[in-house]
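Participant: attaching a predicted model along with its sequence, questions to come.
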Amino acid sequence: MCVLLAPGAMADDRLKLEALDEQAIKRSFIAFIGATSTPGLESAQMSIDAPRRESEISRTGLGFNAEFILPDRIENGFWGAGFIAGTHRDRVELAGPNDETVVLNIEREMQGLRLSYGWSLPLTSSLKIRPYMTTSWMQTQTQFQLTDLSSTAFSESVEQAIGDDVDTVSLAGNLDVEYVLWQGQTQWLLAAQINGMYTDVLNSRVDLVDTDDWTHAHKLGAEARFASPWQWGGRPWRWRVYYHFTDFSDFSRLSLGFTRQHELGAGLDWQLNIRPLGWFGWESVGVQFGVIGGGDLRGVNVGISAR
């Protein structure tokens, strides 16, 4: 996401400006797309407060995933669609060639659409797997400002690359594994998700951003859902507490600011248990609040959930 730096030598606790290279620029762009559009990630407002670096990262989405009945088949179909968006504002202090402090400010915004399609396969009454594909289209705008620079370490072509606006297409292969256990009125859920996403830039004006690459993310989760004393419209409200762990396995900490994310939260869901048009199931709608952490990463997840 977008420090645009490769690992390099340190001058006190500052990265050297000369550590910037072509591969780091390309990887930083791919990291930003992966961190904001990988399937299974929820909305979040996050920040990184590290020595010589301050970042604000957000991702938002509005969409729906559901299973639908396939006639005369043991498996169900799976589909999803939605709008995704993300922003990243990054301020990094670097060491110039004469040991002067150079400040790099980057602002990046992304908006896009996603479509998922696949199957949901029950292995037992409690265990199911869900293999599916996700196609995404995104438009990304980037602005940057480099101040206190008194050298030519930044070439003109790199400046143009950082300022480029591009369209990208991503194709992700996803595998969800879900185990559900009921104990009285309490439902326990364990889940794992593996994502491999290929991203290709379509219309870059400069070679340094004309890139394509794979990214991978792995997510583990545990939830407990239990009854509340409230009802509305004859339908019950149920509490939900959860823990999620996400690992961006092939991202550099320098380009993304973090490589792992922990989230602990709670929600309150209104149980619908309906099947609109007799086609797909809609279990619940609710609200949730989560606290995010991991290294220098801090954040919250406040939003509406639909299942």
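Facilitator: Thanks, I have it.
Participant: strands paired with the helix or strand hosting residue 223, and their directions?
Facilitator: Secondary structure assignment for residue 223, by DSSP states H and E: strand 212-232. Strand 212-232 has the following strand partners under DSSP bridges: strand 186-201 (antiparallel), strand 235-247 (antiparallel).
Participant: for the record, mean pLDDT for the shortest one?
Facilitator: If I follow you right, that is strand 235-247. For strand 235-247, mean pLDDT is 95.
Participant: related to what we said a few turns ago, got the strands paired with strand 212-232 as JSON lines, with distance to residue 101 and mean neighbour count columns?
Facilitator: For every residue, glycine as well, the C-beta is placed using N, CA and C. Shown next, in JSON lines, are the strands paired with strand 212-232 (distance: least, Cβ to Cβ, whole Å; neighbours: other Cβ atoms under 10 Å):
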{"stretch": "strand 186-201", "distance to residue 101": "32", "mean neighbour count": "17"}
{"stretch": "strand 235-247", "distance to residue 101": "33", "mean neighbour count": "17"}
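Participant: relative to residue 288, which of those strands is closest?
Facilitator: Of all the strands paired with strand 212-232, strand 235-247 sits nearest to residue 288, with 7.2 Å by Cβ to Cβ.
Participant: which is the next helix or strand following that closest one?
Facilitator: Downstream of strand 235-247, the first helix or strand assigned by DSSP H and E is helix 253-256.
Participant: what packs against that next one?
Facilitator: If you count contacts as 3 or more Cβ pairs under 8 Å, 6 or more residues apart in numbering; DSSP states H and E, helix 253-256 packs onto helix 22-37.
Participant: with just CA atoms, put the helix it packs on into CSV.
Facilitator: Written as CSV, here are the backbone C-alpha positions of helix 22-37 (Å, rounded to 0.1, in the frame of the first residue of the first chain):
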residue,chain,number,x,y,z
GLU,A,22,11.0,-0.1,-9.6
GLN,A,23,10.0,-3.4,-8.0
ALA,A,24,9.0,-1.7,-4.8
ILE,A,25,6.8,0.7,-6.7
LYS,A,26,5.0,-2.1,-8.4
ARG,A,27,4.6,-4.2,-5.3
SER,A,28,3.3,-1.3,-3.3
PHE,A,29,0.5,-0.8,-5.8
ILE,A,30,-0.5,-4.5,-5.8
ALA,A,31,-0.3,-4.5,-1.9
PHE,A,32,-2.8,-1.6,-1.8
ILE,A,33,-5.3,-3.4,-4.1
GLY,A,34,-4.9,-6.7,-2.1
ALA,A,35,-5.4,-5.1,1.3
THR,A,36,-8.6,-3.3,0.3
SER,A,37,-10.3,-5.7,-2.1
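Participant: chain center to it: distance?
Facilitator: 12 Å (Cα atoms, centre = their mean, to the nearest Å).
Participant: what about residue 181, how many neighbours?
Facilitator: Residue 181 has 11 neighbours, counted by other Cβ atoms under 10 Å.
Participant: residue 42 now?
Facilitator: 17.
Participant: next up, the contacts around the closest residue to it other than its chain neighbours.
Facilitator: Excluding its sequence neighbours, the residue lying closest to residue 42 (Cβ to Cβ, 6 or more residues apart in numbering) is residue 301, at 5.7 Å. Contacts for residue 301 (Cβ atoms under 8 Å, 6 or more residues apart in numbering) come out as 42-45, 263, 265, 288-292.
Participant: again, only this time at 10 Å
Facilitator: By Cβ atoms under 10 Å, 6 or more residues apart in numbering, the residues touching residue 301 are 41-46, 59, 244, 263-265, 267, 288-292.
Participant: how near is the nearest residue to residue 303 once chain neighbours are set aside to residue 302?
Facilitator: Excluding its sequence neighbours, the residue lying closest to residue 303 (Cβ to Cβ, 6+ apart) is residue 43, at 4.8 Å. For residue 43, the distance to residue 302 (Cβ to Cβ, to the nearest Å) stands at 8 Å.
Participant: neighbour count for the two, which is higher?
Facilitator: With neighbours defined as other Cβ under 10 Å, residue 43 and residue 302 compare such that residue 43 has more, 20 against 12.
Participant: can you tell me the SS state at the residue in the chain sticking out farthest from the centre?
Facilitator: Centroid-distance maximum for the chain: residue 98 at 38.0 Å, with Cα atoms, centre = their mean. Under DSSP: H, G, I helix; E, B strand; the rest coil, the three-state class of residue 98 is coil.
Participant: beta partners of residue 81?
Facilitator: For residue 81, the beta-bridge partners are residue 64, residue 115 (DSSP bridges).
Participant: I'd guessed it sits against residue 112; true?
Facilitator: No - applying Cβ atoms under 10 Å as the test, residue 81 and residue 112 come out as separate, 11.9 Å apart.
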